[in-house]
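S.K.: Based on what follows, work out the 3D shape:
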Amino acid sequence: MTRLTRCEACGLAALALAIAAPALADVRVTDATYVRHDGATDAVIANCSDNSPGSTSGGNRQQNEPAVAVHPGESRFVVVAANDDCTVPSFADGWEGIYVSSNGGATFVNSLLPGYPGDTSAAGQASPLFGPATAVSDPLLSWDEAGNLFVGGIGFNRTATTGNIQPANGNSFVATYARDARSPLGIAYLRTVVVGPGTPSPFTPGSGRFSDKPSLRVDNGATSPNRGNVYFAWTLFPGGNGTDQIAFARSTDHGQTFSKPITLSKGAARSQGSAIAVTSSGAVLVFWRQFDSVANGIHSAIVFAASSNGGLTFTDPAIVALTEGYDREDVTTGGSFAGDCGSGPFQCLSGFTFHRTGAFPQAVGDKHGNVFVTWEETTPAPDNGDTYRPDGQSQVVLVRSSNNGASWSAPAKIDPQPVGHQWWPNIAYDATTDTLAVVYFDSRTDPSYSPFRPPGNNADGTSVCGVPASASCNVLNAFVATSANQGASWSPTRASSVGHQPEYEMFGGRQIPFHGDYLGIDAASGVVFAVWTDNRDVVPGTDPRETPDGFDVLQCRATPASSDTCANAGGVNQNIFGASFKLP
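M.R.: Residues are numbered from 1 along each chain as shown. Got it, this is the predicted structure:
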């Protein structure tokens, strides 16, 4: 969830390491049977479990923005979370889905974070999300060594409750589960705590305090003096005045309470998209994206602040590297800025169809005291004269610091390719094998690739998958790259067994694409599990409101002005897929 914004010293060795092979084929994480956290059921859970094509329930709705956590002492126990729209038929908005596997990711049981509208459980109704929130998004997951699973996100409301008033109630939160084999999910829900309270201002840009784009990390360092601390950071939009801030809070009692939020960005320009890394000595580094401001002479950059006392106080912000992020944008036919483009009111002057992207950092620390930061960087190409930006190829880069951020290596590509865009890298570290792992999207198989247009788009604005579109179209894949020498060299392998078209128009009344804002990866005890948003199950179709362009999905409308009545038939069946890798 976001508001609209506008926005190689560590070198690659010549010899690659042995590729970490997938332990099993990629698996569908979502579209399984839903089980409530307490084993009972309600109308919402029943609707989410209904995958029948002729149903009006939500079993084949969209899921995106996945996070994943591998249990540190039990690597076959894997939990995934994602934005889940299976709840839309029940209360007209999405919620946070929780998906649990006890067999290493071979199969998953699906569930929902307690507190959703229609949750009849006592624990759900006791959640501070129950009532004020009609939507939850931006999932986060992190285990501690004691078997507590921390689940983060933002809870808000965009549904009119009095006339046309929409009190946003934009709160950031952390929920806690405990590993419990007796629980129906294998994890027992304990509590939800609001960490960053918002205000009940209208759900419109420029009104009130709203939390977004959070990050979550537990200090599990074996020798850290702050072991067990839970750290949470997020973007605070304080009224849409251009002073977007990075806020931070910590818990020293296993998520029962959190400290009063402090501001890390300290006036730094337009700060968004935090990521937290913890070193082996317990140092805490929080990274974010600073957007450019031509008027103030500020360039886009990756920025950080550091704490040497367990998150109690932080240094002033400092720059890791300047960046040309892969921030796609265009101009609508009505003359407005657009971070994503589709049809109808979302049509853009270039004629291209694309979901939004944003180059935000992800980070992790290792047992040697190193900190690694990754993001997507665009190598600019000469302007070709159209309204679409950026012109150039996007590739994943990584930097390293061995001195808590006092100095940084130059950004280096981890998987350089002559064609294709890469975006949304996320990074994990496994201490038992001393291995780094990065997941990312890559469009090297896109037959329509050009540095001057989004993946899956021909030059005339039609889909490379055909008009009408083919159900199978190898535009985008998920990749995982691993390094066993502290980022000096990387071994990439494709994680997805099937490529997909990322630009199907499944949102905004079936007129605009959306793929979330990030991918997920975690590693523990020699196992890496990566998760991504995937459109392979989406059924293409035609839209009676427009000329076919190959980006439309299956829909049923009595008249062009009518709503879609067959959403469960596959037209919006966006899913989360995952793959497990055994490390050498």
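S.K.: and the closest residue to Thr257 other than its chain neighbours, how many neighbours?
M.R.: Spatial nearest neighbour of Thr257, excluding adjacent residues (C-beta to C-beta, 6 or more residues apart in numbering): Ser251 at 6.3 Å. All C-beta atoms are positioned from the backbone trio N, CA, C, and that covers glycine. Ser251: 22 surrounding residues under other C-beta atoms under 10 Å.
S.K.: And Ser251, how far from Ala268?
M.R.: Taking C-beta to C-beta, to the nearest Å as the measure, Ser251 falls 25 Å from Ala268.
S.K.: likewise Arg536?
M.R.: From Arg536 to Ala268 the distance is 40 Å (C-beta to C-beta).
S.K.: Which element, helix or strand, includes Gln44?
M.R.: In this structure residue 44 is Val, not Gln. Per DSSP states H and E, Val44 falls inside helix 43-49.
S.K.: actually Leu140, not the one I typed
M.R.: strand 135-143.
S.K.: Now that strand: average pLDDT?
M.R.: Averaged over strand 135-143, pLDDT sits at 97.
S.K.: and that strand, what does it pack onto?
M.R.: strand 63-70, strand 78-84, strand 95-101, strand 148-156, strand 209-218 (3 or more C-beta pairs under 8 Å, 6 or more residues apart in numbering; DSSP states H and E).
S.K.: report the angle between the axes of that strand and strand 78-84?
M.R.: Following axes from the mean of the first three to the mean of the last three C-alpha atoms, to 10 degrees, one obtains 160 degrees for the angle between strand 135-143 and strand 78-84.
S.K.: quick one, helices of the chain?
M.R.: 43-49, 88-91, 122-126 (DSSP state H).
S.K.: In a markdown table, list these along with mean pLDDT and distance to Thr204.
M.R.: A markdown table is the format used below for the helices of the chain (pLDDT from 0 to 100; distance: least, C-beta to C-beta, whole Å):
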| stretch | mean pLDDT | distance to Thr204 |
| --- | --- | --- |
| helix 43-49 | 97 | 27 |
| helix 88-91 | 96 | 21 |
| helix 122-126 | 98 | 29 |
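S.K.: which of those helices sits most buried?
M.R.: helix 43-49 (a mean of 21; mean count of other C-beta atoms under 10 Å).
S.K.: What is the distance between it and the centre of its chain?
M.R.: Using C-alpha atoms, centre = their mean, to the nearest Å, the mean C-alpha position of helix 43-49 is found 24 Å from that of the whole chain.
S.K.: Please put the alpha-carbon coordinates of it into CSV.
M.R.: What follows is helix 43-49, C-alpha atoms only, in CSV (Å, rounded to 0.1, in the frame of the first residue of the first chain):
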residue,chain,number,x,y,z
ALA,A,43,-18.2,-16.6,6.9
VAL,A,44,-15.0,-14.8,5.8
ILE,A,45,-12.8,-18.0,6.2
ALA,A,46,-15.4,-20.0,4.3
ASN,A,47,-15.5,-17.5,1.4
CYS,A,48,-11.7,-17.5,1.1
SER,A,49,-11.7,-21.3,0.9
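S.K.: returning to what we had before: quick one: closest of the helices and strands packed on strand 135-143 to Asn309.
M.R.: Among the helices and strands packed on strand 135-143, the nearest to Asn309 by C-beta to C-beta is strand 209-218 (16.1 Å).
S.K.: Now do that closest one against strand 135-143, angle only.
M.R.: Going by the same axes, to 10 degrees, strand 209-218 is angled at 20 degrees with respect to strand 135-143.
S.K.: Which elements pack onto strand 209-218?
M.R.: Here strand 209-218 touches strand 135-143, strand 148-156, strand 171-179, strand 230-238, strand 271-278, going by 3+ C-beta pairs under 8 Å, 6+ apart.
S.K.: averaged over its residues, what pLDDT does it have?
M.R.: Averaged over strand 209-218, pLDDT sits at 91.
S.K.: try stretch 419-433
M.R.: Stretch 419-433 comes out at a mean pLDDT of 97.
S.K.: what about it, start to end distance?
M.R.: Terminal residues of stretch 419-433 are spaced 32 Å apart (C-alpha to C-alpha, to the nearest Å).
S.K.: Could I get the buried residue list for it?
M.R.: In terms of neighbour count (16 or more other C-beta atoms under 10 Å), stretch 419-433 has its buried residues at 420-431, 433.
S.K.: and if you look at stretch 492-512?
M.R.: Neighbour count says stretch 492-512 has 492, 494-496, 499-507, 509-512 buried, by 16+ other C-beta under 10 Å.
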